[in-house]
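# coords please:
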Amino acid sequence: MKPIYAMDDTQWLKLLRDVGEDFNDVTIMRGFQYYKQGRVHRLTMPDSEHIDAIVEGTENYRVSLQLNALLVSHCTCPVGTCCKHMLAVLLDYANQQGRPIHALVNAKTNAAFQQPAKSPPLTASSGKANPADRARQAKELAELQEQARAMLALPILEWHKLFARCTAPMANHTPNGHYVQIALTAINGIKPPLSPAMEQLFNLHAHLFILEKLLRQSQQTWSQSSSVYMGYHTHVAADDVQEALGRCFAEELAVTTEPGHWLRVTETLDYVRGQMLTEAQNLFYFSDLYYRMWENWIRPSARNKELYEEELRQLKSAAAAHGSTPSQLQWKLAQVWMHFNLGQDPEAWELLRTVDNLSSMKRNPIYPLLDALSKAEEWPRLQAWLSETGSLLYNHRADSLNEYGRYWETTVQHHPEAEASMWEAYDRLSPYSRSIYVESLLTYGKWRQWIDYQLSTGNEPLEFRVGVLQPIEKEAPELLLPFYHQAVERYIAQKNRDSYKAAVKLLKRLSKLYRKLKQESRWELFLTAFTGRYSRLRALQEELRKGKLIS
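This is a model prediction of the structure:
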């Protein structure tokens, strides 16, 4: 494998500029979708300026990129250059470099606003503004800065009111990446001198406020629906802000003895919880942040069950406030998470069974819990969770069930006593568990059951890679005889040249198997009867001669 050459900041900035200039909005949007769908394969770099890759589209297209000259790059698709396939490759490359892909996706928007840095909107006064307007703006800014200096004494919700006043002049701006930039500039323009701990909270809430604004506008537009459609640029901007918030929570919480500091943290939790419980059912921005805050800030800061018990009380009391809204999904899942951390598994399972729209989520929320148990090496408990929750996964995607199968495989590897429970779980999930059931039969050497399954479903031996059948040929070759014989008869029944060739290929395998089993005489009897039965099929007879099965 050739190396993926590192990209420095100068090259990154050039790439952002070039994408903004060379690709149109529609191409960027479609390329972003291709990247998210994992369509980029075999990305290699012959040298530091050249990228080769395959992109899965209507067919597999070969992309050859010159990073220092995108316009002369080439794709084998009908467009040829500056296409969605090239953009998808650039996004995959940026991701491998650890660069923010949404900056690349938003390159077109950012390029349109490249201009000298401005003061916050309240201080920015163009040469055309009259003296009265400039004086009013200066007065408003001074008032906001004065209020901000008292932030240590203000509840978190008052911070957000202050942020709202800062960003009021841009209320009619399109909610996109540019809006995020100027809103942050305005908010940071009133930030007073703060301790590192309070600076951490200020930065967090500035981004939380802007994320809420982006989502609220979309929810207001679709107020009659439980689902929300977000415009492309709004979606990209919200993803950028969420990434920034993820980085905020990834930083260790600066625990201090400052008066009211932990109170501000709990107020932050109250705010994030409230946003999660009122979020539309197809948006999971604040729910993701809710669990990040628990994992990275709350739990490490105070390790005791009382925190989870108190959160359960808070969630249950929230039911009266929010009623049966789209937030019911997240309301129940948050309680499941608390029960899980309290070790109250039966309560968690009972609640999970009442959640009827798990399939609306990109990834089933049960998997993070299974992952936590696997990392903690709690194998008996993981076995119990896999057994109890399998029925909640049957209507999920096949790749999701494959993940379920991998958890079972890991569990049985470390806790062999769980194998019987695994087969029972697969039986209960049938027919949805077909792929993981068949794969497990091979993994655990259950050759007879695997062959019986293939015979009952009419699968063809030639559809399988040689490596799949080799272990059976080595350990139990006699089991392959009916599998091959049945397929040969089906091929003959099709009565065409290609099917005859396939039949001969399998007959040659049968010849080797009979020799391996030291049953050559049985093979000779079969072949004599077979050629006699089909003596009138001249094309088949020709293929048998070509295969040197008959003379």
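
# okay, the helix or strand containing Glu424 in PDB with CA atoms only?
Assigned by DSSP states H and E, Glu424 belongs to helix 419-429. Only the C-alpha atoms of helix 419-429 are listed here, as PDB (Å, rounded to 0.1, in the frame of the first residue of the first chain):
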ATOM      1  CA  GLU A 419     -22.900 -20.200  22.600                       C
ATOM      2  CA  ALA A 420     -26.200 -21.900  23.200                       C
ATOM      3  CA  SER A 421     -27.900 -18.600  23.900                       C
ATOM      4  CA  MET A 422     -26.400 -17.200  20.600                       C
ATOM      5  CA  TRP A 423     -28.100 -20.000  18.500                       C
ATOM      6  CA  GLU A 424     -31.400 -19.400  20.400                       C
ATOM      7  CA  ALA A 425     -31.200 -15.700  19.700                       C
ATOM      8  CA  TYR A 426     -30.600 -16.300  16.000                       C
ATOM      9  CA  ASP A 427     -33.500 -18.700  15.800                       C
ATOM     10  CA  ARG A 428     -35.800 -16.100  17.300                       C
ATOM     11  CA  LEU A 429     -34.600 -13.500  14.800                       C
END
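
# next one: it to chain centre, how far?
Per C-alpha atoms, centre = their mean, to the nearest Å, the displacement of helix 419-429 from the mean C-alpha position of its chain is 27 Å.

# so which strand or helix has Leu65?
Assigned by DSSP H and E, Leu65 belongs to strand 60-66.

# I'd like the distance from that strand to the chain centre, please.
Per C-alpha atoms, centre = their mean, the centroid offset for strand 60-66 relative to its chain is 25 Å.

# How about residues contacting that strand?
Here strand 60-66 makes contact (C-beta atoms under 8 Å, 6 or more residues apart in numbering) with 41, 49-55, 72-77, 85-86, 89-90. C-beta coordinates here come from the backbone N, C-alpha and C atoms, glycine included.

# Of these, which belong to strands?
Counting by DSSP state E, the part of the contacts of strand 60-66 found in strands is His41, His50, Ile51, Asp52, Ala53, Ile54, Val55, His74, Cys75.

# Compare those and tell me which has the most neighbours.
Among the ones in strands among the contacts of strand 60-66, Val55 has the most neighbours (other C-beta atoms under 10 Å), with 28 neighbours.

# now that residue: how far from Arg42?
Distance, Val55 to Arg42, by C-beta to C-beta, to the nearest Å: 10 Å.

# Phi first, then psi, for Gly57.
Note on Gly57: backbone dihedrals following degrees, to the nearest 10 are phi -130, psi -140.

# same check, this time on Tyr5
The phi/psi pair for Tyr5 (degrees, to the nearest 10) reads phi -70, psi 140.

# for the one 3 residues further on, same thing?
The phi/psi pair for Asp8 (degrees, to the nearest 10) reads phi -90, psi 170.

# Could you list every helix and strand in contact with the longest helix seen in the chain?
Secondary structure of the chain per DSSP state H: the longest helix is helix 196-221. When contacts are defined as 3 or more C-beta pairs under 8 Å, 6 or more residues apart in numbering; DSSP states H and E, helix 196-221 packs onto helix 156-167, helix 177-188, helix 232-250, helix 261-277, helix 285-293.

# mind giving me the domain ranges of the chain?
Following the assignment in automatic domain parsing, the chain carries domains at 9-112, 139-303, 467-546.

# Save those as JSON lines, and put in mean pLDDT and distance to Ala420 too.
Formatted as JSON lines, those follow (pLDDT from 0 to 100; distance: least, C-beta to C-beta, whole Å):
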{"stretch": "domain 9-112", "mean pLDDT": "86", "distance to Ala420": "36"}
{"stretch": "domain 139-303", "mean pLDDT": "85", "distance to Ala420": "33"}
{"stretch": "domain 467-546", "mean pLDDT": "94", "distance to Ala420": "22"}
